[in-house]
Every structure is written in C-alpha cells, then in structure tokens.
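1. Everything below, folded, please.
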Amino acid sequence: MAIKRPDCQPSDGINRKMDKVTKQMGMWEGDFGKEYTDRNALSLDEMEALYRRNYGVSRTELNESFLVNTDRSARILEVGSNVGNQLLCLQKMGFENLYGIELQSYAVELSKIRTKSINIIHGSAFDIPFKNDYFDLVFTSGLLIHIQPSDIFEVMNEIHRCTREYIWGFEYYADEFTEVVYREHKNLLWKADYARLYLELFDDLELVKKEQIRYLENDNMDSMFLLRKTI
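-> Predicted coordinates:
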C-alpha cells in the first residue's frame, strides 16, 4: 500500500487541534488497552529475558549498538511509552533526560509508580505537546504498528517535528504494509518497513543504521532503525 504525503504544513507545536480520534485510539484507551498494560508491566529483568527468548539478544544490547555515540544527557522522548519499560532500560544505561507520552491513562498512572525522574505524560501521538525540535531524539517501540496506514503520516510528522536530530524505532517488519489479526481483532496492527516510510516522507532524513532482527522460534522479523535529520 502506497502512502502519499498530504498537502499540509507541519505543525509548530502551538495551538494545534486536539480532536483526532480513531477506532484504534478507542480500543487502546479502553479495557483492551488496560489489559495490554497489565500483560506488559514487566520488570527490567523480565523484559531482558523476553528479548533474549525472542531474539537471542537483550534489549540493552540492541540499544547499545544503536545509541553507542549518543550523549547520556540527550533529551529523549518515547512516543507510546506505556508503563515505561523502555525508558527504564535507557535510564539504567545512563540516559538522564527522559520523557514519555502515552495514550492509555491507566498505563500513565502505573508508570508514575514504576519510574523515578522520568517525565511521562498522558497524550496522543497525533498531538505531541512539545515545541519543534525540543528533543535530541524521539523514538517508538511497537507504536507505529498500531497506527492505521491512512493515519501514519500524521504520527510520523509529529515525531519528525519534535526531534532536533534523531528518530529511532523498533517495529514489526514487512516489505509492504501487511495487516495482522491481533488478539482476534482486525484494524489494530500492521507490519511495514517504517524506516523506508520515514525516508520517503521526509527529504531531510538519512539512514544511520538499520538492522533486521529475526525471531528465534518463527520466521517473523522486526526492524530497529536510526534516522538523522540532515538540515
């Protein structure tokens, strides 16, 4: 499925509309999202063990291979932070200036209990409440896969708008948009080449690094990628 870039100007982060509602948002804000949160409220040790079972490598090892040259004082935002697992991992790695935005209010409340010195707020990926270029790096981990293809530009545009330099992602991979039935629901999950979509949508991005990561027990594949603004 081809994604066309809309004929619109990027937001400046001020006085933007906050009325974007999708079917997917309704699911994630409700009981379905709460159940997801409860399933994924893992300790760091549990999360690392899950990554080793899935990929044969820990999340920390993946992070280090992509962020080895990233200053530990960099201002970093995760879009779709849920209970803060990924941010806690980055904090343990020494990153000091961490933010998150999460749609599911229950997850936000849990994240405030689970984290310390990490600023996680309730909000939408369609309307990130920060000014242009506010962060040194903005990232997602399993967030873009839940945005329907017709809406993906709006979310990518917000991520692109908020970062001064880097976009980092870890998402399910397929060469083209491929819908996957997710817990017996349609219209909730799509695999794609999200790094390529960013590069097609924004002329000022270049690929720094991309790695396809295959599951140990099946033929599914995920992709971690790092993009940089060139101007």
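2. R228 falls within a strand, correct?
-> Yes: note on R228: a strand contains this position according to DSSP: H, G, I helix; E, B strand; the rest coil.
3. okay, it: pLDDT?
-> Model confidence at R228, given as pLDDT, is 98.
4. Compute the distance between it and D136, please.
-> R228 sits 11 Å away from D136, going by CB to CB, to the nearest Å. Placement of C-beta: from N, CA and C, glycine included.
5. swap in N69?
-> Taken as CB to CB, the span from N69 to D136 is 12 Å.
6. So the two - more neighbours on which side?
-> Taking other CB atoms under 10 Å, N69 and D136 do not tie; D136 has more neighbours (17 against 6).
7. how about stretch 186-204: buried residues?
-> Of all the residues in stretch 186-204, those buried under the rule 16 or more other CB atoms under 10 Å are 188-195, 197-199, 201-202.
8. Pull the residues that contact the helix or strand containing E211.
-> Counting by DSSP states H and E, the element that carries E211 is strand 205-214. Here strand 205-214 makes contact (CB atoms under 8 Å, 6 or more residues apart in numbering) with 55, 57, 62, 65-66, 160, 166-167, 173, 195, 198-199, 220-230.
9. correct me, but P129 touches I121?
-> Yes: under the criterion of CB atoms under 8 Å, P129 makes contact with I121 at 7.4 Å.
10. Find residues that contact each of those two.
-> I101.
11. Bridged to the closest residue to Y173 other than its chain neighbours, which residues?
-> Distances taken as CB to CB, 6 or more residues apart in numbering place S223 nearest to Y173, at 3.9 Å, with adjacent residues excluded. Assessed by DSSP bridges, S223 has beta-bridge partners E171, Q212.
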